[in-house]
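Participant: only geometry, no sequence info:
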Ligand SMILES: Cc1cc2nc3c(=O)[nH]c(=O)nc-3n(C[C@H](O)[C@H](O)[C@H](O)COP(=O)(O)OP(=O)(O)OC[C@H]3O[C@@H](n4cnc5c(N)ncnc54)[C@H](O)[C@@H]3O)c2cc1C
């Protein structure tokens, strides 16, 4: 059998990729060296776009039930004076609050149930991908069974072997990606290497904190304080010169640092204690032949804006709708090049924002920190631009192109759900049913893509009026392909879309 997709890695990005691929109706084999999910948190923050992706998979319920909308994300100096406040409490365009703090195992469990329930997915847990070969029309991946030895959490590779074949191969196998190594693709280092001790804990009783969420930019020791959903919390401490990983990973070190914050074993159970090196690296190519790198395999960034996993989940959403069109024979393989073309600059935007943001709390020189604090008092703000936009690829030269589309409510229900529109193209107009101005061939073309058409009002009327548009085409990954000031301009926009997808449309 040749699967449509063979995928290495079942972290959060791999789970998203597999669930979306299956939802699009394609067969996917997922190879994961561990027997089960990792089961411990890394990502704490997700944004509204990610919740809409989860919604498209019917997974947002359990995640939101255990999440906090991030209402107050602040950075303070060593004396507790506020340096920077982030506007993360607003209602956002995707139909949700702008940002949430969540507990990653809940998110992974929700995605995993979706993946395991999908008939299109074959999960090979406890198998490691060890070799690969590309042929004209498929790839072959050699996998070997893994076992655990008592007392060793790392899986050991055995001699039991299988070969899997797929039209395309996805490397969703994390920062030390095996797939990237097979392809000989190097990573560029964007120059950030800071070591922090991460301690995640379950609250044994309800606890409240004067400083609930943010960075304590104290040069004596920078600290991160975060809720992880409703039952867990995270603290991170920067390593100081001369401190060793071994020392910082001892349980007594965590308890000593927590005691400084007034917390002890009656309050918390530590679930994870690890020193991380926060870095920013990007694979020099994200596609080679039939293979794609996504998530941490393609890019890593420091966690100060909470965008590493979010960026990986966006990779999956972007790549799946393109693979879907190519696998259905509706677009040529060249469309897949736009995955990297669109997302490399987009992820770089987030990486630069994270790097700039990360330099603020990481200052440990007392004089430099005092200078920084004064600059903030004088009104300095690090360059933290708006949510990045898609600027290249399958994007029209038209109003709103590349920005996130609105998900408004229809009779109290979110549009994607009310119209069964998750993961589909959307042509929406505030004036009339958009089909009324299209040629039959254009309607047929859009229907072949699986498009939803709607005449919308309510929140859409305001959103469109502010932008001076009457009609918009949104892609399955929620980004606007293009919009137009009048509905009469829609046919030209549709022709532009067909041309960019290189699909002939009947005149
Ligand atoms: C302390 C910390 C805080 C963070 N905070 C945030 C945050 O707030 N928000 C955010 O969005 N991101 C955050 N991140 C980043 C986020 O955790 C990562 O971007 C995300 O987990 C990457 O997911 P992934 O699926 O790409 O890779 P991984 O989670 O690394 O998954 C890769 C999987 O591939 C498997 N694998 C690897 N090689 C093979 C092989 N050869 N065969 C079979 N299986 C294989 C591995 O076992 C693993 O399960 C944070 C990271 C850290 C460290």
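Facilitator: Okay, I see it. Here the structure is a predicted model, which is why all the values come from computation and not from measurement.

Participant: tell me the residues on this protein that lie near the ligand, please.
Facilitator: Counting by CB under 6 Å from any ligand atom, the residues of the chain lying close to the ligand are 8-14, 31-34, 38, 42-45, 128-129, 172-174, 178, 198, 276, 295-296, 303, 306-310, 312. Backbone N, C-alpha and C define where each C-beta goes, glycine included.

Participant: and residue 78, how many residues sit next to it?
Facilitator: 17 (other CB atoms under 10 Å).

Participant: give me the nearest residue to it, chain neighbours excluded.
Facilitator: residue 218 (3.5 Å; CB to CB, 6 or more residues apart in numbering).

Participant: how about the contacts made by the one you found?
Facilitator: 77-78, 369 (CB atoms under 8 Å, 6 or more residues apart in numbering).

Participant: kindly report the same for residue 376.
Facilitator: Residue 376 sits next to 77, 83-84 when contact means CB under 8 Å, 6+ apart.

Participant: what do you get if the cut-off is 10 Å, keeping everything else the same?
Facilitator: Shown in contact with residue 376 (CB atoms under 10 Å, 6 or more residues apart in numbering): 75, 77, 81-84, 217, 360, 382.

Participant: which of those residues are buried? Put it as a PyMOL command.
Facilitator: The PyMOL command for the buried members of the contacts of residue 376 (criterion: 16 or more other CB atoms under 10 Å) is given here:
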select buried, resi 75+77+83+84+217+360+382
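
Participant: out of the contacts of residue 376, who's nearest residue 482?
Facilitator: residue 382 (32.1 Å; CB to CB).

Participant: hang on, the closest one packs against residue 217?
Facilitator: No. Assessed by CB atoms under 10 Å, residue 382 is found out of contact with residue 217, at 11.8 Å.

Participant: intersection of neighbour lists for those two?
Facilitator: 75, 83-84, 360, 376.

Participant: name the nearest of those residues relative to the ligand.
Facilitator: Closest approach between the shared contacts of residue 382 and residue 217 and the ligand, by CB to the nearest ligand atom: residue 75, at 15.1 Å.

Participant: give the bridge partners for the closest one, please.
Facilitator: residue 84, residue 215 (DSSP bridges).

Participant: next step: the residues of the chain next to the ligand restricted to helices.
Facilitator: 12-14, 178, 308-310, 312 (DSSP state H).

Participant: those residues into CSV, with extra columns for pLDDT?
Facilitator: Formatted as CSV, those follow (pLDDT from 0 to 100):
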residue, pLDDT
12, 98
13, 98
14, 98
178, 98
308, 97
309, 98
310, 97
312, 98
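
Participant: in those residues, find the pair that's most separated.
Facilitator: Within those, two members stand farthest from each other by CB to CB: 178 and 310, at 23.5 Å.

Participant: isn't residue 331 right up against residue 501?
Facilitator: Yes. Contact status for residue 331 versus residue 501: in contact at 5.0 Å, counting by CB under 10 Å.

Participant: hey, what's in contact with both of those two?
Facilitator: Jointly contacting residue 331 and residue 501 under the rule CB under 10 Å, 6+ apart are 322, 325, 338, 394, 449.

Participant: and which of the residues you listed is nearest the ligand?
Facilitator: Taking CB to the nearest ligand atom as the measure, the ligand sits nearest to residue 322 out of the shared contacts of residue 331 and residue 501, at 18.7 Å.

Participant: now do the contacts for the residue at minimal distance from the centre of the chain.
Facilitator: Central residue of the chain (CA atoms, centre = their mean): residue 310, 2.0 Å from the mean position. By CB under 10 Å, 6+ apart, residue 310 lies in contact with 12-13, 43, 45-47, 49-50, 53, 99, 350.

Participant: can I get those residues in a markdown table including neighbour count?
Facilitator: What follows is the contacts of residue 310, written out as a markdown table (neighbours: other CB atoms under 10 Å):
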| residue | neighbour count |
| --- | --- |
| 12 | 29 |
| 13 | 29 |
| 43 | 23 |
| 45 | 24 |
| 46 | 28 |
| 47 | 23 |
| 49 | 23 |
| 50 | 29 |
| 53 | 26 |
| 99 | 27 |
| 350 | 20 |
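
Participant: all helices for the chain, in order.
Facilitator: Under DSSP H, the chain gives helices at 12-23, 48-56, 60-65, 104-117, 178-183, 245-248, 251-260, 308-327, 337-359, 366-377, 415-418, 440-449, 459-467, 490-501.

Participant: avg pLDDT for the fourth one?
Facilitator: So the one you mean is helix 104-117. Mean pLDDT, helix 104-117: 97.

Participant: give the buried residues for that helix.
Facilitator: Within helix 104-117, the residues that count as buried by 16+ other CB under 10 Å are 104-115.

Participant: check the offset of it from the chain's centre.
Facilitator: Between the centre of helix 104-117 and the centre of its chain there are 15 Å (CA atoms, centre = their mean, to the nearest Å).

Participant: same check on stretch 392-408?
Facilitator: In terms of CA atoms, centre = their mean, the gap separating the centre of stretch 392-408 from the centre of its chain is 19 Å.

Participant: what's the answer for stretch 51-63, then?
Facilitator: On CA atoms, centre = their mean, the centre of stretch 51-63 falls 13 Å from the chain's centre.

Participant: just give me the longest strand of this structure.
Facilitator: Ranked by number of residues, the top strand in the chain under DSSP state E is strand 152-171.

Participant: which neighbours in the sheet does it have, and how are they oriented?
Facilitator: Short version: by DSSP bridges, strand 152-171 pairs with strand 2-8 (parallel), strand 139-149 (antiparallel), strand 291-293 (parallel).

Participant: a markdown table for those, including mean neighbour count and mean pLDDT?
Facilitator: Compiled in a markdown table, the strands paired with strand 152-171 are given as follows (neighbours: other CB atoms under 10 Å; pLDDT from 0 to 100):
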| stretch | mean neighbour count | mean pLDDT |
| --- | --- | --- |
| strand 2-8 | 25 | 98 |
| strand 139-149 | 17 | 96 |
| strand 291-293 | 26 | 98 |
